[in-house]
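**Student:** how would this look folded up:
(one chain, ligands or ions: 1)
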Amino acid sequence: MDIAFIGLGQMGSGMARNLLAAGHRLTVWNRDPAKAEPLAALGATVAADIASAARVGAVITMLANDTAVEAVAFGESGLLAAGPGLLHVSSSTVSVDLTDRLAEAHAAAGQRFVSAQVLGRPDVATAGALAVIAAGAADDLDAAQPVFDAIGAGTQRIGDRPVMAAAAKIALNAGIPAIMQMLTEQFRIGAAHGIAPAAMTELLLATDYGNRLIRSYGPIIAEKRFEPAGFPMRLGRKDVDLALAAANGADVPLTELIARRMDAIIAADGGARDWSALGQ
Ligand code: NAP
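**Tutor:** Sure thing, here's the model as predicted:
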């Protein structure tokens, strides 16, 4: 399949590599062109601009936040200006409002749009083992399935409106800092009585708590390995805001508490460390 990939950050560069490894013909574009060079060395074509990438016909975006996706989609010579037929697969974690606006604007332009959210940190992206949560029209999801197969270990189709994948991802991400906060407090209670955090992690994994999130974040928090950041606190804070907005006024006190703790940490250290620094 001919695919263009826009956004070669920590996640996007691994995803793009796996598309190449799966045999797809890949065109890449990144705002900072230096990040495209390793992909070019592996055989990707580097597009001169977003409009050239859009001419490929199927475009995946993996960008930092709403502002970045708005710039790439709605900007002059952006994806929406590329003419009818384009398929846009949006994998960035962005707001439900922007996702709805994109769905409307792409439809008005005669283009196709799906949200394909991914779960997993950059090492999982590099391994091609992301969990993909996809939503959109069934035909469009079928068209994008080869992309999902190359980047992920499995795809969950959650609905026929792209916003459903955005909301699902936001809800799932709101739970991760809650689990990190839980781990932090469990470690503190154990440590107050001589139980090392590593022993506490083993105990959690051997009991009903055992799950992949504990396996991933338990050792990071136990060893206070907050750098290098797989997912910086600043980006994590963005996702907590997305969750507060997506709740549409429903009562979400745990999410509000996490937002306040993250704000305090970002005010103290700038937020460049991993979001697991909740357990500092
Ligand atoms: P990242 O390493 O910071 O990469 C961000 C990408 O966005 C870079 O390619 C950057 O380009 C681009 N960008 C930022 N602002 C832009 C703008 N105004 N115009 C054009 N491009 C812009 O972030 P990441 O960790 O790959 O995350 C990407 C997305 O995936 C985010 O929405 C994040 O929430 C989500 N996510 C992250 C993880 C994780 O564990 N890291 C897991 C799942 C989902 P430059 O290189 O030019 O700065």
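
**Student:** which residues are contacting the one helix or strand in the chain whose mean pLDDT sits lowest?
**Tutor:** Sorted by mean pLDDT, DSSP states H and E, the helices and strands of the chain end with helix 212-222, the least confident at a mean of 94. The contact list for helix 212-222 (C-beta atoms under 8 Å, 6 or more residues apart in numbering) reads 121, 176, 179-180, 183-184, 187, 196-198, 200-201, 204-205, 225-226, 274, 276, 278-279. C-beta: built from backbone N, CA, C; applies to glycine.

**Student:** Packing partners of whatever helix or strand comes next after that helix?
**Tutor:** Scanning forward in sequence from helix 212-222 by DSSP states H and E, the next helix or strand is helix 233-246. Judged by 3 or more C-beta pairs under 8 Å, 6 or more residues apart in numbering; DSSP states H and E, the packing partners of helix 233-246 are helix 96-108, helix 162-191, helix 253-269.

**Student:** quick one, which of the ones you listed is nearest to Gly128?
**Tutor:** Comparing the helices and strands packed on helix 233-246 by their distance to Gly128 (C-beta to C-beta), the top pick is helix 162-191, with 18.8 Å.

**Student:** For this protein, which residues are neighbours of the ligand?
**Tutor:** Neighbours of the ligand within the chain, by C-beta under 6 Å from any ligand atom: 7-12, 30-32, 35, 62-65, 67-68, 71-72, 92-93, 118, 121-122, 230-231, 235.

**Student:** If you check the protein against the ligand, which residue is the closest one?
**Tutor:** The minimum distance from the chain to the ligand, using C-beta to the nearest ligand atom, falls at Gly9 (1.9 Å).

**Student:** if we can go back for a sec, any of the contacts of helix 212-222 buried? List them.
**Tutor:** In those, burial by neighbour count holds for 121, 176, 179-180, 183-184, 187, 197, 200-201, 204, 226, 274, 276, 278-279, counting by 16 or more other C-beta atoms under 10 Å.

**Student:** Which PyMOL command selects the buried ones in the residues of the chain next to the ligand?
**Tutor:** Selection of buried members from those for PyMOL, criterion 16+ other C-beta under 10 Å:
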select buried, resi 7+8+9+10+11+12+30+31+35+62+63+64+65+68+72+92+93+118+121+122+230+231+235
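
**Student:** Take the residues of the chain next to the ligand and keep only those in helices.
**Tutor:** Gln10, Met11, Gly12, Thr67, Ala68, Ala71, Val72, Pro122, Leu235 (DSSP state H).
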